[in-house]
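Colleague: sequence and predicted model, in that order:
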Amino acid sequence: MGEFFANVSRYPKYLITIILGVFTAMIEPLVRRSTNPITAVSLIGALISGLITLAFVLRAMVFPTSLV
């Protein structure tokens, strides 16, 4: 039974490793391209607009308006 729990306790480590690997694979090309000032400004603008969009979507999901 102890071997079972030891095996199950490894899964969170795998999950964290996979998530960090995905973020690293997504962010690394953006960091390489940010040496050009125009590209850096556009990446920052895209990040800010994405966060604002996410905030509006979450706000609409949490506080839905009634159309009655």
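Modeller: The structure has been received and is ready for your questions.

Colleague: I'd say Leu30 and Ile44 touch.
Modeller: No. Taking contacts as Cβ atoms under 8 Å, Leu30 lies outside contact range of Ile44: 10.3 Å. Quick note: C-beta positions are derived from backbone N, CA and C, even for glycine.

Colleague: mind checking the longest helix of the protein?
Modeller: Scanning the chain for the helix with the most residues, using DSSP state H, yields helix 37-62.

Colleague: can you get me a residue count around Phe5?
Modeller: Neighbours of Phe5 under the rule other Cβ atoms under 10 Å: 8.

Colleague: the helix or strand hosting it: what's the following helix or strand?
Modeller: Following DSSP states H and E, one finds Phe5 within helix 2-8. Using DSSP H and E, the helix or strand that follows helix 2-8 in sequence is helix 11-33.

Colleague: and for that following helix, what are the contacting residues?
Modeller: Thr39, Leu43 (Cβ atoms under 8 Å, 6 or more residues apart in numbering).

Colleague: run the angle between that helix and helix 37-62 for me.
Modeller: Angle of helix 11-33 versus helix 37-62, following axes from the mean of the first three to the mean of the last three Cα atoms, to 10 degrees, is 140 degrees.

Colleague: centre of the chain to helix 11-33, how far?
Modeller: Counting by Cα atoms, centre = their mean, to the nearest Å, helix 11-33 is centred 9 Å from the centre of its parent chain.

Colleague: check which residues of that helix are buried.
Modeller: By neighbour count with 16 or more other Cβ atoms under 10 Å, helix 11-33 contains no buried residues.

Colleague: center of the chain, which residue is that?
Modeller: Phe23 (7.0 Å; Cα atoms, centre = their mean).

Colleague: for Leu15, see how far away that one is.
Modeller: Phe23 sits 13 Å away from Leu15, going by Cβ to Cβ, to the nearest Å.
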